[in-house]
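Visitor: coords please:
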Amino acid sequence: SGLNDMDSIVIPVDKVTIYLDKSLKVLGLHTEARTTFITSWLPYILKHEYNAFRFVPQAAYERAASLCISPQPDVVTRVRMLFKGICKEHLANWANVQTEAEKDVAWWADVVGVDPARAGDVTLFRVLE
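Guide: Next comes the predicted model:
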């Protein structure tokens, strides 16, 4: 699985933190999980003027790294991100996705395969990875 001009977004480095926080919130991550996710990636992201990234669908991730939990949870949320630094000179290679970052981040829930309502339901046994 990689990044390309059809399944990713490209965003300037100064907008990445806010975009990721909004996206991760839509995917059902609580504040501490979002903060940990962003701070672990930030040193790598800050090295680039622009970044291309996408979230991996849970089904694809499950095929690569299955998860077995007992008792079986009601909701499993597995969030993985692929990213690549993009220099300004190569932005033309990413023309199709440069405006994607301006759209509502809610579409990532469909891409990843997350049901935000169930992921946020504290009455369910939920697992977040």
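
Visitor: and the residue nearest the centre of the protein?
Guide: Residue closest to the mean C-alpha point of the chain, counted by CA atoms, centre = their mean, is F55 at 3.7 Å.

Visitor: what sits closest to it if chain neighbours are left out?
Guide: The spatially closest residue to F55, leaving aside those adjacent along the chain, is V112, at 5.0 Å (CB to CB, 6 or more residues apart in numbering). The C-beta positions use only the backbone N, C-alpha and C, and glycine is treated the same way.

Visitor: now swap in L20 and tell me
Guide: Once chain neighbours are set aside, the closest to L20 by CB to CB, 6+ apart is I38, at 5.3 Å.

Visitor: okay, and that neighbour sits in which element?
Guide: The secondary structure element spanning I38 is helix 31-45 (assigned by DSSP states H and E).

Visitor: kindly report the same for C68.
Guide: When elements are assigned from DSSP H and E, C68 belongs to no helix and no strand.

Visitor: quick one: H48 from K22, how far?
Guide: H48 sits 20 Å away from K22, taking CB to CB, to the nearest Å as the criterion.

Visitor: to clarify, my last question referred to E32.
Guide: Per CB to CB, E32 is found 16 Å from K22.

Visitor: neighbour count: those two, which is higher?
Guide: Counting neighbours by other CB atoms under 10 Å for E32 and for K22 shows that K22 has the greater number, 15 against 8.

Visitor: what residues are up against the residue nearest to that one when sequence neighbours are not counted?
Guide: Counting by CB to CB, 6+ apart, the nearest residue to K22 once its immediate chain neighbours are dropped is V105, at 4.7 Å. If a contact means CB atoms under 8 Å, 6 or more residues apart in numbering, then V105 has Y19, K22, S23, V26 as its contacts.
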